[in-house]
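Asks: after the sequence you'll find the predicted model.
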Amino acid sequence: DDLGVYEEIQRADTVGVFQIESRAQMQSLLQTRPENLEDLTVQVALVRPGPIQGKAVHPYVKHRHAKRADPTFEPPVLHESLREALRDTLGVVVFQDQVLDVAVHLAGFSVGEAEGLRRAMSRKRARKSLEVWRERFVAGALENAVDEDTAHRIYDKLTAFSGFGFPKSHSAAFGPLAYQSAWLR
């Protein structure tokens, strides 16, 4: 369903529109032009410290433009095992949940290990703990035929979420509120 999300938000003065009133969020909206609530869910989570520090924003915008121009466009991923886990976010990590998926699919983590990594990322001053997890992540990636450099680059992107990233459920709850507040505005 095309809800006219971008058009509704564009018509509203975004000051006072829940989750999208910051200057960075407004700029990003101009670039991504969300078309439905799923797009808005990504948008709400995209302009946060985790995705910004993980360098996800510009690739997402670039891939969004490419997908709009060519609906058959398949965004690049750092390793093929990540394609499905990152499909909804056009090849980049935007949600905390994706950190778990990447750890499981790329590095062979159990769900419990992936949750341990996520918890370590959410703690302040977790750098020492994150380096212990790095060893496990890289070793697991190597077992899955991922080269060491790629494993380290992906791990660095994941640990950027220790700077704050949204879980998808959180963003999905905020997306409709952003749309509704824009409509009311």
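Replies: In hand now; what should we look at?
Asks: poorly predicted segments of this structure, please.
Replies: Along the chain, the parts satisfying pLDDT under 70 run over 1-19, 21, 123-126, 162-163.
Asks: and the strands in it?
Replies: Assigned strands in the chain: none (criterion: DSSP state E).
Asks: contacts only, for the residue nearest to the spatial centre of the chain.
Replies: Taking CA atoms, centre = their mean, the centroid of the chain lies closest to residue 94, which sits 0.3 Å from it. Neighbouring residues of residue 94 by CB atoms under 8 Å, 6 or more residues apart in numbering: 42, 45-46, 51, 56, 60, 165. In short, each C-beta sits where N, CA and C put it, glycine included.
Asks: let's go with 10 Å and repeat that
Replies: 41-46, 48, 50-51, 54, 56-57, 60, 86, 88, 161, 165-166, 168, 171 (CB atoms under 10 Å, 6 or more residues apart in numbering).
Asks: do residue 135 as well
Replies: residue 155.
Asks: could you do the one 10 residues further on as well?
Replies: Applying CB under 10 Å, 6+ apart, we find residue 145 in contact with 79-81.
Asks: for it, what are phi and psi?
Replies: phi 60, psi 30 (degrees, to the nearest 10).
Asks: now residue 94
Replies: Torsion angles, degrees, to the nearest 10, at residue 94: phi -120, psi -40.
Asks: so which bits of stretch 132-150 are buried?
Replies: Using 16 or more other CB atoms under 10 Å as the test for burial, stretch 132-150 gives 133-134, 136-138, 140-141, 146.
Asks: circling back: just checking, which of the contacts of residue 94 belong to helices?
Replies: When the contacts of residue 94 are checked against helices (DSSP state H), the matches are 41-46, 50-51, 57, 60, 168, 171.
Asks: just give the nearest non-adjacent residue to residue 146, would you?
Replies: In this structure, residue 146 finds its nearest non-sequential neighbour in residue 79, 5.4 Å apart by CB to CB, 6 or more residues apart in numbering.
Asks: you'd agree the one you found is up against residue 142?
Replies: No: with contact defined as CB atoms under 10 Å, residue 79 does not reach residue 142; the gap is 11.9 Å.
Asks: what do the two both touch?
Replies: residue 151.
Asks: contact partners for residue 65?
Replies: 31-33, 73.
Asks: what about 8 Å?
Replies: Contacts of residue 65 (CB under 8 Å, 6+ apart): residue 31.
Asks: measure it to residue 45 for me?
Replies: 19 Å (CB to CB, to the nearest Å).
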